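Chemist: Here's a sequence, model it:
(one chain, ligands or ions: 1)
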Amino acid sequence: MKMTFRWFGEDDKVTLDEIRQIPVIDGIVTALSTPPGEAWEEKDIMRLKKTINDKNLEFEVVESVPVHEDIKLGAPSRDRYIDNYTKTIKRLGKAGVKVICYNFMPVFDWMRSDLHSKNEDDSISLAYDNDIVNKLNPLNLSDDLNLPAWDKTIGKERMKELLNIYKDFTEDRFFDNLKYFLDRIIPAAEESGVKMAIHPDDPPWSIYGLPRIIGNKDNLRRFLSLYESEHNGVTFCVGSFGSTDKNNLYDMIEIAKGRIHFVHMRNVLITGEKSFRETAHPSKCGSLDMYKILKTLYDNGFDCYIRPDHGRQIWSESGNRVGYGLYDRALGAMYLYGLMEAIIKGGKE
Ligand code: DNO
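Modeler: The predicted model follows:
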């Protein structure tokens, strides 16, 4: 198992020098800021790799290569964007990247309703309340919320158009578009030694009537069967799947056995139906049993990349991307590493 840490590149307030001092980190998870739909240039990939390797850190996981909206829509222009995506996979494979995390969420990536929710100890967490989200106007969201993964190039007019087009989308049609994409990219991933790892919808339910299809056990099974290959795999984001108690994470791990290539570990406190808040990583802080989840992953053969996911804002840290400060994620990494060491050595000493 390799412990990784997400870094947003040179303009990230958290630096590689800081990350490398967290004693358990093997590698960096990052991406280029190339606009969605364009192929990543080989020289840019190699420069990024060198920057990371120069700090004695590995560059084996990319998060994310974004999927252009026309691919999700199944628009006639999709083939051009898929060709570019394939080029990027091949170039990343050549640079030694082993796993690419991506998602197939329409229009928005992850979503929260509150980015500054105060905890009783004065730390700050991200929170989600479906009633609040439903009251927000999706067209004005980027004025109110600034989530790091959102495609800032989608203007209000385009957003309006997209929400309209997706209104008539069935889940089946969305799955068909995903299959079309997988049929074309997975052979390239196989050739390049890269494992594709889809990130679940976060939260794992539909918002604003948009189809969101990677959120529960049945859909996970359906996704895996779209293309039977180890290279068509999953990023098991514990906090995304785990934000509803309707999901049995242990069953889901078994369903995806052998196809989980990357794990995002974070804890959430489920506060109601379709509402939750993010907490510190340890089991006692939220609704999820982190030990049992890691143990189930391990028992099902998981031996790939893992990273602490969002952290709270603590110790007066500021200026970082929401959820991606240094301190709480570093605490998370240490905790997760401790759990893993105990699980791996358990019973053997
Ligand atoms: C949020 C992240 C997601 C993730 C993408 C992967 O913190 O986990 O934005 O990077 O969905 O494509």
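
Chemist: which stretch of helix or strand covers Ser38?
Modeler: Small correction: residue 38 is Glu, not Ser. Using DSSP states H and E, Glu38 sits within no helix or strand.

Chemist: Just give the closest residue to it, not the sequence neighbours.
Modeler: Asn84 (5.9 Å; C-beta to C-beta, 6 or more residues apart in numbering). Every C-beta, even on glycine, is put in place using the N, C-alpha and C of the backbone.

Chemist: Arg259: what's it in contact with?
Modeler: The contact partners of Arg259, by C-beta atoms under 8 Å, 6 or more residues apart in numbering, come to Leu224, Glu230, Asn232, Gly233, Val234.

Chemist: For stretch 275-286, which outside residues touch it?
Modeler: By C-beta under 8 Å, 6+ apart, stretch 275-286 touches 117, 119, 123, 125-131, 203, 239, 243, 265-271, 287, 289-291, 308, 310-312, 323, 328, 331-332, 335-336.

Chemist: Which of the contacts of Arg259 fall in helices?
Modeler: Of the contacts of Arg259, the ones assigned to helices by DSSP state H are Leu224.

Chemist: re the thing from before, what about the residue nearest to Glu38, which helix or strand?
Modeler: Using DSSP H and E, Asn84 sits within helix 78-94.

Chemist: Strand partners (parallel or antiparallel) of the helix or strand following that helix?
Modeler: For helix 78-94, the succeeding helix or strand toward the C-terminus, using DSSP H and E, is strand 99-103. Paired neighbours of strand 99-103 in the sheet (DSSP bridges): strand 58-63 (parallel), strand 195-199 (parallel).

Chemist: angle of the first one against helix 78-94?
Modeler: It stands for strand 58-63. 160 degrees (axes from the mean of the first three to the mean of the last three C-alpha atoms, to 10 degrees).

Chemist: contact partners of strand 58-63?
Modeler: Contacts for strand 58-63 (C-beta under 8 Å, 6+ apart): 2, 4, 6, 26-31, 48-49, 52-53, 92, 95-101, 199, 235, 262, 305.

Chemist: of these, buried ones?
Modeler: Using 16 or more other C-beta atoms under 10 Å as the burial test, those include 2, 4, 6, 27-31, 48-49, 52, 92, 95, 97-101, 199, 235, 262, 305 as buried.

Chemist: restrict these to contacts with the ligand.
Modeler: Contacts with the ligand within the buried ones among the contacts of strand 58-63, counted by C-beta under 6 Å from any ligand atom: Cys101, His199.

Chemist: Report the beta-bridge partners for the spatially most central residue of the chain.
Modeler: Closest to where the C-alpha atoms of the chain average out (C-alpha atoms, centre = their mean) is His199, at 4.7 Å. Note on His199: beta-bridge partners by DSSP bridges are Asn103.

Chemist: Wait, it touches Ile100, no?
Modeler: No - using C-beta atoms under 8 Å, His199 makes no contact with Ile100, being 10.5 Å away.

Chemist: between those two, what contacts are shared?
Modeler: Common neighbours of His199 and Ile100 (C-beta under 8 Å, 6+ apart) are Glu63, Ser64.

Chemist: Where does pLDDT dip in the stretch 201-349 of the chain?
Modeler: Residues of the stretch 201-349 of the chain meeting the criterion pLDDT under 70: 347-349.

Chemist: quick one: the helices in it?
Modeler: Here the stretch 201-349 of the chain has its helices, by DSSP state H, counting those that start in this stretch, at 217-226, 238-241, 249-255, 290-299, 327-345.

Chemist: when you scan the last one, is anything in it near the ligand?
Modeler: Read it as helix 327-345. No - using C-beta under 6 Å from any ligand atom, helix 327-345 never reaches the ligand; the gap is at least 11.0 Å.

Chemist: Would you indicate which residues of that helix are buried?
Modeler: Buried residues in helix 327-345, defined by neighbour count with 16+ other C-beta under 10 Å: 327-337, 339-340, 343.

Chemist: so it versus helix 290-299, what angle?
Modeler: Following the same axes, to 10 degrees, one obtains 50 degrees for the angle between helix 327-345 and helix 290-299.

Chemist: residues of stretch 217-225 that come out buried?
Modeler: Applying 16+ other C-beta under 10 Å to stretch 217-225 flags Lys217, Asn219, Leu220, Arg222, Phe223, Leu224 as buried.

Chemist: ok, which residues in the stretch 201-349 of the chain are in contact with the ligand?
Modeler: So the stretch 201-349 of the chain meets the ligand at His264, His310, Gly323 (C-beta under 6 Å from any ligand atom).

Chemist: mind listing what the first one touches?
Modeler: Translated: His264. His199, Thr235, Phe236, Cys237, Val238, Gly239, Ser240, Ile306, Arg307, Asp309.
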